[in-house]
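[1] dropping the sequence and predicted coords here.
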Amino acid sequence: MDSNRDWKTRAWRLLGVIFSAGLILPLFIVVTGAVPADSTPTLLKVEASAAPNEIETLSLTVGRSLLIDMADPAERVSVTNAEVAEAVPISPQQLMINGKGPGRTTLVIWDKTGRRMLYELLVQIDTNALTTRLKDAFPTEQIAVAAAKDSLVLSGMVSTEYVMTKAVELANLYVKNVANLLRIPPSAVKDEPQILLQVKFAEVDRTVSEELGANLTRMADGHLVGTVGTGQFGSTPRIHDIESKTITGVGRQPYETRTTFSFSDLVGLFIWKPDINLAATIHALQTKGLLQILAEPNLVTRNGKEASFLAGGEFPFTVVQGTGGSTVPVITVQFKEFGIKLNFTPTLQPNGVIRLKVKPEVSDLDFTNAVTLSNVRIPAIKTRRAETEVDLRDGQSFAIAGLIDNRVLEDYRKVPILASIPVIGNFFKSRELRKSNSELVVLVTPKVVKPLDSSEVPPIPEIDKPFLREKNFEGKFGHQEQKKQ
């Protein structure tokens with residue numbers, strides 16, 4: 001019985017000591033950093049200073065939190081920059097500080113006793129995750145990661161430029177601003193390969209054209225009255241009167257008598273019967289053509305760098321701007337590129353595969369679909385373009401694009417009324433059938449090349465003898481040049 005009484009007495013005394021210590025000891029703050037679940041939390045006790053204006057620094061990372069336990073309930077909390085950190089009350093005596101963005105800000109806490117505590121919050125970018133990722137991706141490389149405000153700084157020595165490029169790309173996944181201080185040994189820079197891209201544009205146009213038609217001219221009393229025709233085959237044959245004389249009652253000047261016919265076709269048959277004053281041109285044409293267009297642009301660039309190529313030109317066109325405050329509109333001239341264009345970015349992988357991001361383009365001026373603006377004819381642009389990303393090994397070829405275009409155009413023209421007459425109405429009709437077949441294939445071939453030393457450069461062939469000699473021109477211009485004494 002006495003032992004139980006003694007145990008209770010000792011327990012009450014212990015509670016009294018703990019309670020007294022809570023009143024006597026100065027206010028303290030326990031700061032617990034948010035850490036991964038598989039590691040032991042670190043507890044840091046920071047005693048409040050007696051000086052009210054003394055500022056203490058607390059560090060945390062973006063996306064992490066600090067838990068502040070206070071002995072007395074907080075009355076007010078203030079964070080000067082809400083974009084850097086925010087204070088979230090958990091309970092009257094607990095405060096959660098969340099890091100939102102890199103930077104510095106001030107945290108002010110007032111408790112119910114009137115005590116004011118000032119803390120400077122230093123929020124930095126978490127470099128541990130990036131360091132781990134770089135170590136896993138490049139275990140043999142020595143890459144150091146440091147935070148500077150809202151940026152990351154990469155420093156150290158890497159073996160190749162490929163490692164440098166990929167390390168910067170990984171860092172860009174965490175922040176937008178990355179300071180690249182990585183270095184490459186001079187020997188690695190010399191041996192860094194370069195990529196040659198060979199592109200072939202192969203286009204085959206097959207066109208079949210069939211034409212059949214008639215153009216007619218009618219004369220009355222030897223005078224040219226007019227022409228009747230379908231107008232499909234260029235200029236209509238013109239037949240003037242037989243004699244040179246002035247037409248009575250018209251008052252025109254005499255003109256020379258002649259008969260002119262224009263034939264621009266392969267096959268033509270002309271029928272002339274003077275007693276009925278009828279001239280007829282019967283046209284029958286069939287052409288077949290095969291056209292092959294081949295363009296082969298080649299371009300060399302460094303590994304991982306973008307390169308561009310243009311073999312063509314720029315054509316000007318006018319653009320009507322605003323009036324500029326006046327009644328007359330302002331017209332400016334702009335330029336549009338056309339021709340053979342090539343843009344590509346190669347990346348050499350560690351396994352020898354070349355990853356290509358390529359955009360070839362072939363464009364021509366198309367005056368058929370041109371528009372007229374302010375009496376200026378502006379042509380359209382006929383473009384064949386491809387854009388893709390493929391993986392190829394050194395010397396391998398791949399068809400990245402293909403296009404087959406088949407078109408059939410059939411056109412009928414006729415002279416009204418006359419074309420409806422049986423049998424002879426065929427002389428007043430014309431028929432045109434056009435068939436076009438176009439095939440376009442784009443082939444790409446990447447190759448790994450290295451620069452040649454001066455001793456490896458092959459000699460450029462030279463012309464031993466001039467191909468133009470003075471004696472070859474003697475007497476060619478009607479006189480002999482005097483020989484020098």
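    Cool, got the structure. Values in this document were obtained by computation on a predicted structure and should not be read as measured data.

[2] residue 349 contacts residue 356, correct?
    No: taking contacts as CB atoms under 8 Å, residue 349 lies outside contact range of residue 356: 11.1 Å. C-beta: built from backbone N, CA, C; applies to glycine.

[3] where does pLDDT dip in the stretch 1-150 of the chain?
    Across the stretch 1-150 of the chain, the ranges flagged by pLDDT under 70 are 1-54.

[4] where do the strands sit along it?
    28-33, 43-47, 55-61, 65-70, 74-79, 85-91, 94-99, 103-111, 116-124, 142-148 (DSSP state E, counting those that start in this stretch).

[5] figure out which of those is closest to residue 159.
    strand 142-148 (9.9 Å; CB to CB).

[6] tell me the helices and strands packed up against that closest one.
    Helices and strands touching strand 142-148, by 3 or more CB pairs under 8 Å, 6 or more residues apart in numbering; DSSP states H and E, are helix 128-137, strand 151-157.

[7] to residue 420, which of these lies closest?
    Ranking these by distance to residue 420, with CB to CB as the measure, places helix 128-137 first at 81.9 Å.

[8] which residues sit against stretch 340-347?
    Outside stretch 340-347, the residues within contact range by CB atoms under 8 Å, 6 or more residues apart in numbering are 162, 165, 195, 197, 199, 201, 295, 297, 299, 301, 303-312, 354-363, 446.

[9] tell me which of those residues fall in strands.
    Per DSSP state E, strands hold the following members of the contacts of stretch 340-347: 195, 197, 199, 201, 295, 299, 301, 307-312, 354-363, 446.

[10] make a PyMOL selection of whichever of those residues turn out to be buried.
    Buried residues among the ones in strands among the contacts of stretch 340-347 (16 or more other CB atoms under 10 Å), as a PyMOL selection:
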select buried, resi 195+197+199+201+295+299+301+309+354+356+358+359+360+361+362+363+446
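
[11] now do the host helix or strand of residue 383, average pLDDT.
    Residue 383 belongs to strand 376-385 when elements are defined using DSSP states H and E. Mean pLDDT, strand 376-385: 82.

[12] just list what it packs against, helices and strands only.
    Applying 3+ CB pairs under 8 Å, 6+ apart, we find strand 376-385 packed against strand 307-320, strand 354-373.

[13] closest to residue 129 out of those strands?
    Among those, strand 354-373 comes nearest to residue 129, with 25.9 Å by CB to CB.

[14] what pairs with that closest one, and is each one parallel or antiparallel?
    strand 331-348 (antiparallel), strand 376-385 (antiparallel), strand 388-392 (antiparallel) (DSSP bridges).

[15] from these, which stretch is densest packed?
    Highest mean neighbour count among the strands paired with strand 354-373 (mean count of other CB atoms under 10 Å): strand 331-348, with a mean of 16.

[16] let me know the angle separating that strand from strand 307-320.
    What separates the directions of strand 331-348 and strand 307-320 is an angle of 160 degrees, with axes from the mean of the first three to the mean of the last three CA atoms, to 10 degrees.

[17] now for residue 171, how many residues are close by?
    Using other CB atoms under 10 Å, residue 171 has 24 other residues around it.

[18] in this structure it contacts residue 177, no?
    No: between residue 171 and residue 177 there is no contact under CB under 8 Å: 9.4 Å.

[19] what do these two both touch?
    Jointly contacting residue 171 and residue 177 under the rule CB under 8 Å, 6+ apart are residue 152.

[20] how about the spatially closest residue to residue 59 that is not a sequence neighbour, what does it touch?
    Distances taken as CB to CB, 6 or more residues apart in numbering place residue 122 nearest to residue 59, at 4.6 Å, with adjacent residues excluded. For residue 122, the contacting residues are 57-60, 104, by CB under 8 Å, 6+ apart.

[21] quick revisit: between the strands of the stretch 1-150 of the chain, which one is closest to residue 418.
    Nearest to residue 418 among these is strand 142-148 (88.2 Å), distances taken as CB to CB.

[22] list the strands paired with the closest one, with their directions.
    Using DSSP bridges, the strands paired with strand 142-148 are strand 151-157 (antiparallel).

[23] the partner strand vs helix 128-137, what angle?
    Relative orientation of strand 151-157 versus helix 128-137 (the same axes, to 10 degrees): 30 degrees.

[24] so what touches strand 151-157?
    Contacts of strand 151-157 (CB under 8 Å, 6+ apart): 125, 127, 130, 141-147, 167-168, 171, 174-175, 177-185.

[25] any idea of the mean pLDDT for that strand?
    Summarised as a single mean, pLDDT over strand 151-157 is 91.

[26] same question, stretch 351-370
    84.

[27] which ones are touching residue 365?
    The contact partners of residue 365, by CB under 8 Å, 6+ apart, come to 315, 338, 379-382.

[28] TSV please, covering the helices and strands packed on strand 142-148 and showing distance to residue 89.
    Output for these, formatted as TSV (distance: least, CB to CB, whole Å):
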stretch	distance to residue 89
helix 128-137	29
strand 151-157	33
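
[29] for these, which one sits closest to residue 412?
    Taking CB to CB, helix 128-137 is the member of the helices and strands packed on strand 142-148 nearest to residue 412, at 69.3 Å.

[30] export that closest one as PDB, just CAs?
    Output of helix 128-137 as PDB, limited to C-alpha atoms (Å, rounded to 0.1, in the frame of the first residue of the first chain):
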ATOM      1  CA  ASN A 128      19.400  15.800 -55.300                       C
ATOM      2  CA  ALA A 129      16.900  14.400 -57.800                       C
ATOM      3  CA  LEU A 130      18.900  15.700 -60.800                       C
ATOM      4  CA  THR A 131      22.200  14.500 -59.300                       C
ATOM      5  CA  THR A 132      20.700  11.000 -59.000                       C
ATOM      6  CA  ARG A 133      19.300  11.100 -62.500                       C
ATOM      7  CA  LEU A 134      22.700  12.100 -64.000                       C
ATOM      8  CA  LYS A 135      24.500   9.500 -61.900                       C
ATOM      9  CA  ASP A 136      22.100   6.800 -63.200                       C
ATOM     10  CA  ALA A 137      22.400   8.000 -66.800                       C
END
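
[31] and the gap between residue 318 and residue 201?
    Plainly put, residue 318 is 31 Å away from residue 201 if you go by CB to CB, to the nearest Å.

[32] ok, residue 346 next?
    19 Å.

[33] what of residue 157?
    44 Å.

[34] flag every buried residue along stretch 99-115.
    For stretch 99-115, the neighbour count (16+ other CB under 10 Å) marks 99-100, 102-103, 105, 107, 109, 111 as buried.

[35] between the residues you listed, which is nearest residue 454?
    residue 102 (50.7 Å).

[36] not counting sequence-adjacent ones, nearest residue to the closest one?
    Spatial nearest neighbour of residue 102, chain neighbours left out: residue 150 (4.5 Å); criterion: CB to CB, 6+ apart.

[37] before we move on, the earlier item: of the contacts of strand 151-157, grab the buried ones for PyMOL.
    Here is the PyMOL command that selects only those of the contacts of strand 151-157 that count as buried (16+ other CB under 10 Å):
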select buried, resi 125+127+130+141+143+145+147+167+171+174+175+178+182
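
[38] hmm, residue 305 and residue 299 touching each other?
    No: contact between residue 299 and residue 305 fails when scored by CB under 8 Å: they sit 11.3 Å apart.

[39] could I get the pLDDT score of residue 166?
    Per-residue pLDDT puts residue 166 at 90.

[40] how much space between the residue nearest to it when sequence neighbours are not counted and residue 126?
    The shortest distance from residue 166 to any non-neighbouring residue, by CB to CB, 6+ apart, is to residue 137 (7.0 Å). Separation of residue 137 from residue 126 (CB to CB): 18 Å.
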